[in-house]
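Peer 1: Fold the following, please.
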Amino acid sequence: MPRTYLPLLHQLDDWQSAARRAHPGVIPCRRGCHACCHGPFDISVADVAVLVEAVTRLPDPTRRAVVARANEQMAAMLRIVPDWRPPFAIEAIGERRFDQVSDSLETAPCPLLASSGGCLVYEERPMVCRLMGIGMVAEDGAVIENGCPIQDRFPDYAALPPRPFRLGRWEAGEERAKRAAAARFLGDEDESSYETPIAAAIVAWVGG
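Peer 2: Sure thing, here's the model as predicted:
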């Protein structure tokens, strides 16, 4: 399944690369920038499938450190929502309570953030991570605003217009990948709407 989803993620990389070529030296978002790598946020079940494989392939000491950080962050989340149970679906606690979790841990670094500031699974990072850096306008005119938390430091960057992307076609492929991942991880392809934060995915599906 990751083999079919990763090419979709690479389409977002190509879209980002085109933006950087169109605006050389303007967009600060790149490998090694970690301004957006803090606080729990939701990832899809397709992202979970890719992430689990990537974390499993990490060298043993690195993987153990990642799992330890994920467990520590999960423990902090469970102090806020103690009734949350594996596989830690956000739907199980509701958006309002998950927002409380996210707000309380907004400065917590992602478990996959290395001490050097780089992502340990950069090539397999989730979709939402690849959206950061530039706004997007879909073929139907819908706009996804740039969520970069430091864009106010770069006026030329903040002023960039959203770039077109054929999101509808992309989402059709994503849904197929999500259904396949839901069948594999949750035993039911109809659970394709499952979302969870990165720390929870690591605790639920990688373990020790």
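Peer 1: where exactly do the helices run in this protein?
Peer 2: Here the chain has its helices, by DSSP state H, at 2-22, 45-57, 60-80, 90-104, 127-131, 155-158, 167-186, 198-205.
Peer 1: in this structure, which helix or strand is least confident?
Peer 2: The helix or strand of the chain with the poorest confidence is helix 2-22; it has a mean of 93 (mean pLDDT, DSSP states H and E).
Peer 1: Centre of the chain to it, how far?
Peer 2: Distance, stretch centre to chain centre, for helix 2-22: 14 Å (C-alpha atoms, centre = their mean, to the nearest Å).
Peer 1: which residues touch the residue positioned nearest the centre of the chain?
Peer 2: Central residue of the chain (C-alpha atoms, centre = their mean): residue 126, 3.6 Å from the mean position. For residue 126, the contacting residues are 43-44, 47, 50-51, 198, by C-beta atoms under 8 Å, 6 or more residues apart in numbering. Where you see a C-beta, it was placed from the backbone N, CA and C, and this is true even at glycine.
Peer 1: quick one: the closest residue to residue 46 other than its chain neighbours from residue 80, how far?
Peer 2: The shortest distance from residue 46 to any non-neighbouring residue, by C-beta to C-beta, 6 or more residues apart in numbering, is to residue 177 (4.1 Å). For residue 177, the distance to residue 80 (C-beta to C-beta, to the nearest Å) stands at 31 Å.
Peer 1: the more surrounded of those two?
Peer 2: residue 177 (25 against 16; other C-beta atoms under 10 Å).
Peer 1: was I right about the more buried one contacting residue 6?
Peer 2: No - when contacts are counted by C-beta atoms under 8 Å, residue 177 is not listed as touching residue 6 (9.2 Å).
Peer 1: re the thing from before, can you add distance to residue 16 and give the contacts of residue 126 back as a markdown table?
Peer 2: As requested, those are exported to a markdown table (distance: C-beta to C-beta, whole Å):
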| residue | distance to residue 16 |
| --- | --- |
| 43 | 18 |
| 44 | 19 |
| 47 | 17 |
| 50 | 17 |
| 51 | 19 |
| 198 | 20 |
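Peer 1: what's the closest of those to residue 100?
Peer 2: Using C-beta to C-beta, residue 198 is the member of the contacts of residue 126 that lies nearest residue 100, at 17.8 Å.
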